[in-house]
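Q: Structural data only, the sequence is not supplied:
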């Protein structure tokens with residue numbers, strides 16, 4: 001392509017000042033294991049919050065005991081005033097009770113002050129721990145674009161080798177997720193895209209005969225909500241035939257005929273996740289790379305996820 005035309009005034013403009021470059025956000029590469037240690041430290045601090053709560057409860061319990069003692073001393077003073085004692089004895093005992101009552105009042109005030117101070121410090125500590133956890137987890141987030149990057153070339157080269165035409169649409173590349181999760185998703189996602197081009201999309205002639213555009217549409221969309229990431233690979237290809245899926249499972253010895261006949265269509269779609277299941281009649285460069293849909297599902301389970309397939313015959317398939 002021809003480079004864009006540069007206006008004369010732009011050619012003579014001085015370079016941007018250094019401050020413009022410095023205003024960009026600085027970044028630094030950090031090993032994942034160090035981030036893991038930071039997460040562990042934040043977790044230990046969170047455990048410490050429970051100890052702070054226990055300490056506050058103990059302070060409150062001590063204040064309650066002092067209040068009970070104060071009431072007991074007040075009752076004792078009332079009894080001493082009515083007791084048969086000499087005036088000197090009564091005054092002496094009442095004086096000592098008064099001192100105990102005074103000391104108890106001072107101790108109660110001290111505990112109240114300590115409780116209020118510690119409550120404020122505990123609240124600040126809890127907020128800092130929450131912020132630390134949030135920042136550490138945010139530091140582990142990377143955009144989905146990092147695993148989307150290889151998809152266009154892989155899909156384009158595969159489509160060319162199969163004499164197919166595709167239109168690849170990537171949605172939500174700015175969506176962020178934990179680096180470990182994306183690392184686990186990378187190979188399965190590439191396999192699902194290749195699988196969609198190989199098995200899902202038809203040739204231009206087949207699509208034209210079915211009243212579709214010659215180029216198949218393949219969409220990879222990422223969204224994040226409620227702390228979860230959702231990636232859907234959708235094609236507008238031939239879709240999956242539950243009847244044929246049952247037949248393949250029986251022919252390969254994965255199911256007996258009776259069990260296969262009792263499967264619903266949704267359950268039949270799940271057959272593609274069985275080890276050893278393949279809809280390809282031969283092992284090709286595309287379908288024989290050792291990463292089956294059973295591996296895709298097992299890897300998602302390992303990171304706490306799941307894989308859901310939805311397909312309509314003649315209209316396409318979505319694997320989420």
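A: Yes, it's here. Just so you know, these numbers come straight off a predicted model, no measurement behind them.
Q: Okay, residue 140 and residue 93: tell me how far apart.
A: Distance of residue 140 to residue 93, computed by C-beta to C-beta, to the nearest Å: 69 Å. Every C-beta, even on glycine, is put in place using the N, C-alpha and C of the backbone.
Q: Could you pull out the helices in the chain for me?
A: In the chain, the segments counted as helices under DSSP state H are 8-11, 18-22, 32-82, 87-139, 145-148, 151-161, 179-195, 204-209, 242-251, 257-261, 265-269, 293-302.
Q: Can you say which of those is nearest to residue 235?
A: Closest to residue 235 of the helices of the chain is helix 179-195 (C-beta to C-beta; 9.2 Å).
Q: Can you give me the buried ones in that closest one?
A: For helix 179-195, the neighbour count (16 or more other C-beta atoms under 10 Å) marks 181-182, 184-186, 188-195 as buried.
Q: same deal with stretch 227-246?
A: Neighbour-count burial for stretch 227-246 flags 229-242, 245-246 (criterion: 16+ other C-beta under 10 Å).
Q: pLDDT weak spots in the stretch 201-320 of the chain?
A: 278-291 (pLDDT under 70).
Q: rerun at 90
A: Scanning the stretch 201-320 of the chain with the threshold set as pLDDT under 90 gives 225-228, 254, 273-304.
Q: Would you indicate which residues of the lengthiest strand in the chain are buried?
A: Criterion DSSP state E: the longest strand present in the chain is strand 216-225. Neighbour-count burial for strand 216-225 flags 216-222, 224 (criterion: 16+ other C-beta under 10 Å).
Q: Same question for stretch 138-154.
A: Judged by neighbour count using 16+ other C-beta under 10 Å, the buried positions of stretch 138-154 are 140, 144, 147-148, 151.
Q: what number of residues lie near residue 319?
A: The tally of other residues near residue 319 (other C-beta atoms under 10 Å) stands at 25.
Q: Residue 211 too?
A: Neighbour tally, residue 211, other C-beta under 10 Å: 7.
Q: now it: how far from residue 145?
A: In terms of C-beta to C-beta, residue 211 sits 35 Å off from residue 145.
Q: And the residue nearest to residue 192 when sequence neighbours are not counted, how close does it get to residue 65?
A: The spatial neighbour of residue 192 that comes closest, neighbours along the chain excluded (C-beta to C-beta, 6 or more residues apart in numbering), is residue 233 at 4.6 Å. The spacing between residue 233 and residue 65, counted by C-beta to C-beta, is 65 Å.
Q: Same question for residue 320.
A: From residue 320 across to residue 65, the span is 59 Å (C-beta to C-beta).
Q: give me every residue that touches residue 309.
A: Shown in contact with residue 309 (C-beta atoms under 8 Å, 6 or more residues apart in numbering): 240, 269-270, 272-273, 317-320.
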